[in-house]
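**Q** Here is the input, now give the coordinates:
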Amino acid sequence: MGFTKRELVEFLDGLVELASEDNKANAVLVKEQFLSDFEKSYGFEKEVITEVSKLPPHYIAAMPDSVQEEIKQKVIAALTEHGECTPENVDRAMGSKIYDLEDLIDIREYVRQMEAEQRKKSEQKRRSGR
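**A** Now for the predicted structure:
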């Protein structure tokens with residue numbers, strides 16, 4: 001049985017979802033490295049490349065506690081403004097991927113932080129592998 005590229009991305013996202021909270025960040029790095037290697041080996045159509053670039057699951061739970069608290073305060077403020085601030089909605093938002101909050105808060109700063117951290121970890125892995 002083969003996968004389309006889109007099915008592969010969805011499958012890998014599903015595997016990342018199964019990782020424990022302690023291992024989420026590492027699972028994301030492994031998934032992104034696999035997709036990068038796959039792309040170099042087989043290539044992606046332009047449409048799929050665009051979709052993959054929007055998919056990296058930067059989980060809020062994988063961010064530092066201070067950043068999580070900052071995001072939580074912004075989420076609470078935004079949900080309050082929309083009249084939807086309930087503990088369940090706050091918990092749902094905080095358990096999601098940062099991209100899921102794009103319509104609620106400005107996520108650009110957090111995405112940049114996570115991407116910089118991932119690049120740093122990848123570079124450290126490469127250096128230690130030498």
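
**Q** so where's the longest helix in this protein?
**A** helix 108-128 (DSSP state H).

**Q** Show me the contact partners of that one.
**A** 28-29, 32-33, 56, 58, 62-63, 67, 71, 98-99 (Cβ atoms under 8 Å, 6 or more residues apart in numbering). In this view, the C-beta of every residue, glycine as well, is placed from N, C-alpha and C.

**Q** rerun that using 7 Å as the cut-off
**A** Residues from elsewhere that reach helix 108-128 (Cβ atoms under 7 Å, 6 or more residues apart in numbering): 29, 58, 63, 67, 71, 98.

**Q** Tell me, how many residues neighbour the closest residue to residue 62 other than its chain neighbours?
**A** In space, and not counting its chain neighbours, residue 62 is closest to residue 25: 4.0 Å by Cβ to Cβ, 6 or more residues apart in numbering. Residue 25 has 20 neighbours, counted by other Cβ atoms under 10 Å.
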